[in-house]
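Visitor: sequence-free structure coming up:
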């Protein structure tokens with residue numbers, strides 16, 4: 001194997017590639033580093049769903065910020081009061097339990113993927129995005145897994 005001389009052009013190209021890698025790699029690595037929700041947020045999320053299962057509004061209410069908002073395909077940034085009357089009250093008694101599949105996120109955001117079992121034996125799948133501020137749930141955005149994928153709608157499909 002013979003020695004190969006490196007031209008200035010080859011060195012310059014290698015340096016440019018190395019520079020590009022140093023710029024791109026931290027962004028790629030950062031995407032993976034942010035994939036684990038903090039332990040406090042994960043505990044809050046588990047308490048959130050446990051309150052639904054226990055049908056305990058007070059336990060849920062203490063987790064929510066005073067200016068909490070909820071958004072779904074049916075709701076546009078509704079207040080905590082409207083969330084209670086429009087989401088909690090029509091659905092809470094239909095819920096049997098949640099199987100939390102994944103909780104991923106970073107400092108102030110987390111996504112939760114779950115399977116919800118309702119009392120008529122049917123299941124539905126959703127993803128919800130949580131935003132946190134000062135240890136409280138500031139906002140939840142629900143992304144339905146299917147058309148009308150919430151307990152009251154599924155209950156009507158008997």
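Guide: That came through, no problem. The shown structure was predicted, so the numbers you read here are calculated from the model rather than taken from an experiment. Numbering: from 1, shown residues only.
Visitor: got phi/psi on residue 56?
Guide: Note on residue 56: backbone dihedrals following degrees, to the nearest 10 are phi -120, psi 90.
Visitor: how many residues are close by it?
Guide: Residues lying near residue 56 (other Cβ atoms under 10 Å) number 13. The C-beta positions use only the backbone N, C-alpha and C, and glycine is treated the same way.
Visitor: and for residue 51?
Guide: As a burial measure, residue 51 scores 20 neighbours (other Cβ under 10 Å).
Visitor: dump the residue contacts of it.
Guide: Residues counted as contacts of residue 51 (Cβ atoms under 8 Å, 6 or more residues apart in numbering) are 57, 59-60, 63.
Visitor: kindly report the same for residue 58.
Guide: For residue 58, the contact set (Cβ under 8 Å, 6+ apart) is empty.
Visitor: same question, residue 41
Guide: When contacts are counted by Cβ under 8 Å, 6+ apart, residue 41 is found next to 103, 105, 110, 130, 132.
Visitor: rewinding a little: most neighbours out of the contacts of residue 51, which is it?
Guide: residue 60 (22 neighbours).
Visitor: using the three-state scheme, assign that one.
Guide: helix (DSSP: H, G, I helix; E, B strand; the rest coil).
Visitor: what helix or strand is the closest residue to it other than its chain neighbours located in?
Guide: If the residues on either side of it in the chain are set aside, residue 60 comes closest to residue 51, at 3.8 Å by Cβ to Cβ, 6 or more residues apart in numbering. Following DSSP states H and E, one finds residue 51 within helix 39-54.
Visitor: buried ones in that helix, by neighbour count?
Guide: Applying a neighbour-count criterion of 16 or more other Cβ atoms under 10 Å, one finds 41-42, 44-45, 48-49, 51-52 buried in helix 39-54.
Visitor: equivalent analysis for stretch 130-139, please.
Guide: Within stretch 130-139, the residues that qualify as buried are 130-132, 137-139, counting by 16+ other Cβ under 10 Å.
Visitor: count of neighbours near residue 76?
Guide: For residue 76, the number of neighbouring residues by other Cβ under 10 Å comes to 9.
Visitor: next one: phi and psi at it?
Guide: Backbone dihedrals for residue 76, given as degrees, to the nearest 10, come out at phi -120, psi 100.
Visitor: that one and residue 70, how far apart?
Guide: Relative to residue 70, residue 76 is positioned 9 Å away (criterion: Cβ to Cβ, to the nearest Å).
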